[in-house]
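>>> output the structure for:
(2 chains)
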Protein chains: 2
Amino acid sequence: MTTDRTSVDAKKLTDFATKALQKVGVPEEDARITANILVATDLRGIDSHGVAHLAAFYVKGIKEGRINPNPRIEVFSQAPATAIMDGDRGLGFVVGYRAMMEAMRRAETTGAGFVAVRNSTHYGAGGNYAMMALSHNMIGISLTRGGRGMVAPGSRGRGIGINVISIAAPAKREAPFVLDMATTVVAAGKVEIALRTGMTMPEGWSVDREGKPITDPKQYYDEQGALLPLGGIPRLGSFKGYGLAVAVDILCSILSGSTISTRVPGNHFFGALRIDGFMPAEKFKGAMDGMIREIRALPKAAGVDRIYMAGEVEQEIEEERRANGIPLHPSVVASLQELAKELDIEYDL
Amino acid sequence: MTTDRTSVDAKKLTDFATKALQKVGVPEEDARITANILVATDLRGIDSHGVAHLAAFYVKGIKEGRINPNPRIEVFSQAPATAIMDGDRGLGFVVGYRAMMEAMRRAETTGAGFVAVRNSTHYGAGGNYAMMALSHNMIGISLTRGGRGMVAPGSRGRGIGINVISIAAPAKREAPFVLDMATTVVAAGKVEIALRTGMTMPEGWSVDREGKPITDPKQYYDEQGALLPLGGIPRLGSFKGYGLAVAVDILCSILSGSTISTRVPGNHFFGALRIDGFMPAEKFKGAMDGMIREIRALPKAAGVDRIYMAGEVEQEIEEERRANGIPLHPSVVASLQELAKELDIEYDL
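Next comes the predicted model:
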């Protein structure tokens, strides 16, 4: 699968994405923030949420007026630890970055900071914002309302957002804990990949409006299939995945003051807990190492080489890709070459 | 199933439980806090976590020295919004209640309050503490480390805690949103109920050390079966249930300064977000009603009468039980009668 891929350097890719965004009116600082997050996503192997979407989602979104390249971002606060941010339809990366910075600034003072965000746009992979907390010795939380695509237990069709939970906590020598999960059985990106690679989906990912399993990704798109909540069916806990999705929506959409009609992927919620507001950060990080190693040392199932902690696989991919470059799929390379032509910038990857 | 049950009055049951706890050395105020929470749990229909455990878990735990009836609870704080609490092995109900009060007190000042708790004991159903926030116009969070009983993906046997997530948010006319979920496919209480009622468990709840499904609850106990993480298997997202469980343990156990050997069900984490630190509480609650009604109005699957929100079923049971009494299972009645005799208090239910 990687043999036909082109390896590109992370720094060059970042510069390219920055230039492309500047060309459509994004100020340099904001363009760089966005490019950094997109490429960080690719570095960690989350190919569905990185530069693959640069042209189709973000540049196109700006050109067609859905995304405001130069937003006037506003913060409203009624308490030292909490605030609402209005993103003025800016790039979700820029709004998300500034909101997480705002949450951390508040956590610096009070020990905890929380920012609910409305009127933003798609912010890519949520883990990026939670991870911003790591170098500040904070625990980071990043939640986002996703597109409508989950079926509520007892319902039919797409009723609930494919909402996402991301939590990051630093360790000392071990990789940081980074959980980044859709509250559906799988994220929509997995269906996209199945379609692109001609894969059949397992039963338990998606259903049609009669509740019958969809295994053909084309059928999912053609017939507006819905993704099942984590748990799959009620007997196996689907009301939990559904409940988590609603909890995320409460924090992202209701708490930020969005109306029903604006409950869209542009509602987020960010949190930061300063570790030394609880205990010395070094002691915490040492204990994290201990827990990670204890779990790694659990008895392994037959045929299993290693028990992974959330974020470990991504950290290993990042080390490899920082050294050897990011392997881009031919369709992504083509989209970037076309973008370069369209925007009249050099394609130098 | 309810025909052979005895209906008892909630107030009488609370008084009885209070007296029983006082008899084993719990101060009156603490005994009443505990009894209130136990009975509130029964009122909401969560029969596995209420007075059914009064004798076997709590009174016995005190008598055998595992639970300290008169703890010296300490609070350590390094920042306005955050604190650690040491429960001195007190009743989890008392420690949990005081920790949630502490979190809310901090949220009153800064907008957000968080308390990580160590050296507590089993605190019953986590939703009770999250729900304490509702009448204060706050969003409540209550997490707890559970007993070791979840199998980590790729592992065998009981390696991870059956950790629990509870989140509550108030609505205006609708029932409050109350999510209270183990991060396993089902809580251990469901296996207990299956054993008691002679039920076969569905495949997907539990596995033996070879990863083969356990459907006989007796086998689960005899062979130390493990519960699967929410999601069940890796292809259907079990690493998400596993990741959530670890995240809960980080906040409850690592952040409270527990050591590996004390990472037990007595580690908790409480959070409170003051809604009007973000937006007017009345507006928030109105928007909650709107969201709940919007979801209730989604197209229904065949044979489904109603789409439920987390907490709605429990609220309906509570209304019914407040009016008609709490139906206790004969085995629970017997345990309370025996307890009355043992402690030489009147059985007047």
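>>> make it CA atoms for all contacts and neighbour counts henceforth
OK.
>>> which residues does the residue nearest to residue A:66 when sequence neighbours are not counted contact?
In this structure, residue A:66 finds its nearest non-sequential neighbour in residue A:89, 7.4 Å apart by CA to CA, 6 or more residues apart in numbering or on different chains. By CA atoms under 8 Å, 6 or more residues apart in numbering or on different chains, residue A:89 lies in contact with A:66, A:67, A:68, A:71, A:119, A:120, A:121, A:266.
>>> where does the fourth one land in three-state SS?
If I follow you right, that is residue A:71. Secondary structure, DSSP: H, G, I helix; E, B strand; the rest coil: residue A:71 is coil.
>>> could you check how far it is from residue B:19?
From residue A:71 across to residue B:19, the span is 63 Å (CA to CA, to the nearest Å).
>>> next, the closest residue to residue A:92 other than its chain neighbours: phi, psi?
Nearest residue to residue A:92 in three dimensions, chain neighbours excluded: residue A:123, at 3.9 Å (CA to CA, 6+ apart). The phi/psi pair for residue A:123 (degrees, to the nearest 10) reads phi -110, psi 20.
>>> now do residue A:123 against residue A:269, distance only.
Residue A:123 sits 12 Å away from residue A:269, going by CA to CA.
>>> anything in contact with each of those two?
With CA under 8 Å, 6+ apart, residue A:123 and residue A:269 have no common neighbours.
>>> low-scoring stretches of chain A, by residue?
Along chain A, the model assigns pLDDT under 70 to residues A:1-3, A:260-264.
>>> hmm, who's touching the biggest helix by length in it?
Ranked by residue count and defined by DSSP state H, the top helix of chain A is helix A:92-110. Contact partners of helix A:92-110, identified using CA under 8 Å, 6+ apart, comprise A:30, A:33-34, A:37, A:73, A:80-82, A:85, A:87, A:112-115, A:117, A:120-124, A:129-130, A:132-133, A:266, A:268, A:270-274, B:79-82, B:110.
>>> ranges for the strands of the stretch 201-349 of chain A?
If you assign secondary structure with DSSP state E, counting those that start in this stretch, the strands in the stretch 201-349 of chain A sit at A:206-207, A:213-214, A:226-227, A:268-274, A:326-328.
>>> how far away from the center of its chain is the last one?
The one in question is strand A:326-328. Between the centre of strand A:326-328 and the centre of its chain there are 19 Å (CA atoms, centre = their mean, to the nearest Å).
>>> ok, which residues in the stretch 1-150 of chain A are in contact with chain B?
A:76-84, A:109-114, A:116 (CA under 8 Å from any CA of the partner chain).
>>> run the last query once more with 6 Å
Proximity of the stretch 1-150 of chain A to chain B (CA under 6 Å from any CA of the partner chain) is limited to residues A:78, A:79, A:80, A:81, A:82, A:83, A:84, A:110, A:111, A:112.
>>> most surrounded residue in those residues?
Counting neighbours by other CA atoms under 10 Å in any protein chain shown, residue A:81 comes out on top of the residues of the stretch 1-150 of chain A next to chain B with 34 neighbours.
>>> how is chain A divided into domains?
Using automatic domain parsing, the domain parsing of chain A gives A:6-183+A:237-277+A:327-343, A:186-227.
>>> any idea which of those domains is most buried?
For the domains of chain A, average neighbour numbers computed from mean count of other CA atoms under 10 Å in any protein chain shown are highest in domain A:6-183+A:237-277+A:327-343, which has a mean of 23.
>>> quick one: terminal-to-terminal distance for that domain?
Domain A:6-183+A:237-277+A:327-343: ends 22 Å apart by CA to CA.
>>> please apply the same query to stretch A:182-195.
End-to-end span of stretch A:182-195 (CA to CA): 19 Å.
>>> quickly check: that stretch near chain B or not.
Yes: for a cut-off given as CA under 6 Å from any CA, stretch A:182-195 has contacts with chain B, namely residue A:185.
>>> for the spatially most central residue of chain A, give me its contacts.
Nearest to the mean C-alpha position of chain A, by CA atoms, centre = their mean, lies residue A:125 at 1.7 Å. Residues counted as contacts of residue A:125 (CA atoms under 6 Å, 6 or more residues apart in numbering or on different chains) are residue A:49.
>>> okay, and residue A:75 sits in which element?
Secondary-structure assignment from DSSP states H and E places residue A:75 in strand A:74-79.
>>> adjacent strands (with direction) for that strand?
Each strand paired with strand A:74-79, and its direction, by DSSP bridges: strand A:82-86 (antiparallel).
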